[in-house]
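Asker: fold the following.
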Amino acid sequence: MPRDELSLFSYEVLGLIGREGAGPHDLRQMVTRGRIMAWAGESQYYAEPKRLARLGYLKARKEPGKTRERTVYELTAKGMKALREWAATPARFTPIKSEPLTRMLIADLVGDELTREGIAGLREDLASYKEAVAEMRAQADALPHRARYLTIAIDLIEGILDLHADWADEVERELS
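Answerer: Okay, here's the model as predicted:
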């Protein structure tokens, strides 16, 4: 990716910064709470806002923190324009990187029992994600300007989790 090109992660960062502004630590907390969107490495949530500020999509300001001064980023007019232009493009399906799918890919090599047992472990992980999503739903009202949109996004996340739970049940049935 050229250094001035915006990626899906760039748009995620711009969106998380939103109207109120946010620092890199805030970004990490947001995605860690939701967990299901925490697909980038922690350092990227510190590096990407700096890169976007250098490119003019964000502006940085310093404000007091708990123990030291912190950087808070805000969207610039260029950042808002980029979000609007990107939002006007057709959405694309993001390729799936999935451990459960990879386990099915190797099922013929390792056998039904190991595959079934491995996929059964998915249920505990899904339950943990469900708890995190329930917290996200409870916190959505704290952001009245975003609550409607967060709720719609949370509905999609819950649907994805439910689909995985149904699929784990199917694997259990098929490989028993």
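Asker: buried set for the helix ranked longest in the chain?
Answerer: Across the chain, the longest stretch assigned as helix under DSSP state H is helix 147-174. The neighbour-count check on helix 147-174 (16 or more other CB atoms under 10 Å) flags 150, 154, 157-158, 161, 164, 168, 171 as buried. Bear in mind the C-beta positions are built from the backbone N, C-alpha and C, glycine included.
Asker: kindly export the helix or strand bottoming out on mean pLDDT in the chain (C-alpha atoms) in CSV.
Answerer: Every helix and strand in the chain was compared by mean pLDDT, DSSP states H and E; the lowest is helix 24-34, with a mean of 78. Listed next in CSV are the C-alpha coordinates belonging to helix 24-34 (Å, rounded to 0.1, in the frame of the first residue of the first chain):
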residue,chain,number,x,y,z
PRO,A,24,-4.3,5.8,20.6
HIS,A,25,-4.9,4.4,24.0
ASP,A,26,-8.6,5.2,23.7
LEU,A,27,-8.7,3.4,20.3
ARG,A,28,-7.1,0.3,21.8
GLN,A,29,-9.7,0.3,24.7
MET,A,30,-12.6,0.6,22.2
VAL,A,31,-11.6,-2.4,20.2
THR,A,32,-10.4,-4.4,23.2
ARG,A,33,-13.9,-4.0,24.8
GLY,A,34,-15.6,-5.2,21.6
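Asker: quick revisit: what packs against the longest helix of the chain?
Answerer: Packing partners of helix 147-174 (3 or more CB pairs under 8 Å, 6 or more residues apart in numbering; DSSP states H and E): helix 99-105, helix 112-120, helix 122-140.
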